[in-house]
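Undergrad: this one's sequence-less:
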């Protein structure tokens with residue numbers, strides 16, 4: 001969330017498509033978590049009110065969130081990235097995205113469909 005704020009120069013990360021990937025993570029997060037629509041950056045208040053939905057604790061919803069998190073993590077891990085060529089802030093952003101996808105994105109209210117816990 002908010003990974004795009006730090007890409008301002010043309011760097012190796014831009015050439016690898018990292019900003020587009022981070023934008024995809026952000027948009028997927030807000031799409032699958034409509035109960036936090038009020039925190040969506042850059043969206044007018046009326047639009048946020050239309051997007052808001054209460055938390056949906058059904059197994060299907062939790063599975064959809066967990067599956068998207070796992071697919072984004074897999075996509076990040078499959079990127080052909082030579083971390084030695086990246087700037088330190090880009091390496092940091094990749095590490096933050098990896099940590100976020102592993103530990104927070106797919107765990108709404110500490111529920112992860114793939115962990116077997118309800």
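TA: All right, it came through fine. Predicted model, so just to flag it, every value in this text is computed and none were measured.
Undergrad: can you tell me the centre-most residue of the protein?
TA: Note on the chain: the residue nearest the mean C-alpha position is residue 25, at 3.0 Å, using CA atoms, centre = their mean.
Undergrad: so it versus residue 65, what's the distance?
TA: 13 Å (CB to CB, to the nearest Å). Yep, even glycine has a C-beta here, placed from its N, CA and C like the rest.
Undergrad: tell me where the model's unsure across this structure.
TA: Regions of the chain meeting the criterion pLDDT under 70 cover residues 1-16, 106-118.
Undergrad: apply 50 and report the result again.
TA: 4-10, 118 (pLDDT under 50).
Undergrad: now the strand or helix carrying residue 20: buried residues?
TA: Using DSSP states H and E, residue 20 sits within helix 18-32. Within helix 18-32, the residues that qualify as buried are 18, 19, 21, 22, 25, 26, 28, 29, 30, 32, counting by 16 or more other CB atoms under 10 Å.
Undergrad: please identify which of those is nearest to residue 85.
TA: Among the buried residues of helix 18-32, residue 18 lies closest to residue 85 (CB to CB), at 11.9 Å.
Undergrad: can you tell me how far the residue nearest to that closest one when sequence neighbours are not counted is from residue 54?
TA: The shortest distance from residue 18 to any non-neighbouring residue, by CB to CB, 6 or more residues apart in numbering, is to residue 90 (6.6 Å). Look at residue 90 and residue 54: by CB to CB, they are 37 Å apart.
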